[in-house]
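S.K.: kindly generate the corresponding structure for this input.
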Amino acid sequence: MGEGTIIAGVSSFYDVYQQGAVTRCKARGLFRKENITPVIGDHVRFSDQGYLEEILPRKNQLVRPAAANVDQVVVVFAIKNPNPHYPLLDRFLVESAQQSIQAVICLNKWDLKEDDQADEMTAVYESAGYQVIHTSAYLKEGIAELRQLLEGKVTVFTGPSGAGKSSLLNAVDSRLVLQTGQLSEKVQRGRNTTRHAKLIPLDSGNGFVADTPGFTSLHLEHIPYPDLGQYYPEFLPWLGDCRFTGCSHISEPDCGVKLGVRRGEISAQRYDSYSELYQEIRREQESNRWK
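M.R.: Down below sits the predicted model:
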C-alpha cells in the first residue's frame, strides 16, 4: 500500500505523486457509493494494483476550484484587460476565509497601469488585512516575490479567465510551458486555457502550486448567511459594538460594522459587496428551505 498526493484527476482516474514518482490510479466504486469525490491535494492510500483505497482526513477543502489540504490561495486579478470585478474578488476571499486558508491578492498586468485606481484598491484590501502583491508577467516584475511566497506551501492559483495565472506560473518556474490565451475582443473576457485543475511540483522540490481553470462567477450558498460577516476581517474589531447578538449588519440600529463604515475604517465598497452577497445567500438558502 502506497501513500501520496493527488495532483491531477480526469474522470475516474487520478495521478498520485509520491517522492517524485507519479502513479495513475482508478477510484474504487466505493467512493461513488459513499458520495465521495477525490480532489487535487487529497492525501490518499493506493494499492499496488493502482486503485485508490482511502482518502486521508482533509484539513480543509475549497469548493471551487475543488482542492484539499491547501496552505494558501493566490487570487489573481488583472488591473486591466479584463478589468477587475471586485465583488468577485471578495467572493474568493470569503471562500478562503471560511476554510481558514490564507489568501493573497495578486494584481497582475501592472505594466498596464494608467491611473490611481489600482493603487486605491490596493490600499482598500491592505487596510482590510490582506497581503497584496503587484506583478507583470510580461515585464517579469514581482516574480521573485511571488516565487518566495510559494516556497514550501501548497498554493492554489485562482481567479477569472484572462488574468494571467498561467503566464505568471510560467515566469515563476522555467520548466513549465503552460498554455496561455488572449483576451476575447468581443466580450472582453479571457479564454480558458487550463481545462482541469492540477497540482504542479515546484522546481525547488519544496511546494506545490495548482493551476486552475478561470471563471467569472462563484456561488457561496454553502456558507450560512448569518456567518458571512466573520469572513470579512475588517469587520471583526467592530462586531463587539453591535447592540444585537446575531446582528446582520444590514438593517439593525446601533450596528458596529455600519459605524466603522461611517467613520471610514471600513471601505464602503467592501461593505456594499458584503450586503449584496448576504442578501443573495439568504434568498437562496431560504428558498431551498421550502423546496
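S.K.: select the longest helix from the protein.
M.R.: Looking across the chain with DSSP state H, the single longest helix is helix 268-289.
S.K.: which other helices and strands does that one contact?
M.R.: Taking 3 or more Cβ pairs under 8 Å, 6 or more residues apart in numbering; DSSP states H and E as the contact definition, the neighbouring helices and strands of helix 268-289 are helix 86-98, helix 256-262. (C-beta placed from N, C-alpha, C; glycine too.)
S.K.: give the rounded mean pLDDT of it.
M.R.: When pLDDT is averaged along helix 268-289, the result is 94.
S.K.: and what of stretch 244-253?
M.R.: Stretch 244-253 shows a mean pLDDT of 95 in the predicted model.
S.K.: ok, now stretch 118-135?
M.R.: For stretch 118-135, mean pLDDT rounds to 96.
S.K.: can you tell me the distance between the two ends of it?
M.R.: 12 Å (Cα to Cα, to the nearest Å).
S.K.: same question for stretch 121-133.
M.R.: Stretch 121-133 stretches 12 Å from its first residue to its last (Cα to Cα).
S.K.: all helices of the protein, in order?
M.R.: Residue ranges of the helices in the chain, as given by DSSP H, are 29-33, 86-98, 117-127, 143-150, 165-172, 256-262, 268-289.
S.K.: thought Tyr231 was touching Asp90?
M.R.: No: in this structure Tyr231 lies outside contact range of Asp90 using Cβ atoms under 8 Å: 9.5 Å.
S.K.: ok, those two, which is more surrounded?
M.R.: Neighbours around Tyr231 and Asp90, counted as other Cβ atoms under 10 Å, are more numerous at Asp90. The numbers are 23 against 20.
S.K.: remind me what the top strand by length along the chain packs against, helices and strands.
M.R.: Ranked by residue count, the top strand of the chain under DSSP state E comes out as strand 2-10. In this structure, strand 2-10 makes packing contacts with strand 13-18, strand 21-27, strand 43-46, strand 198-201, judged by 3+ Cβ pairs under 8 Å, 6+ apart.
S.K.: select, out of those, the one closest to Ser287.
M.R.: Proximity to Ser287 (Cβ to Cβ) singles out strand 21-27 among those, at 33.4 Å.
S.K.: most packed of the helices and strands packed on helix 268-289?
M.R.: Across the helices and strands packed on helix 268-289, averaging neighbours per residue (mean count of other Cβ atoms under 10 Å) puts helix 86-98 on top, at a mean of 21.
S.K.: and that one with helix 117-127, angle?
M.R.: Our comparison of helix 86-98 with helix 117-127, counting by axes from the mean of the first three to the mean of the last three Cα atoms, to 10 degrees, yields an angle of 20 degrees.
S.K.: and helix 86-98 with helix 268-289, angle?
M.R.: Here helix 86-98 points in a direction 70 degrees away from that of helix 268-289 (the same axes, to 10 degrees).
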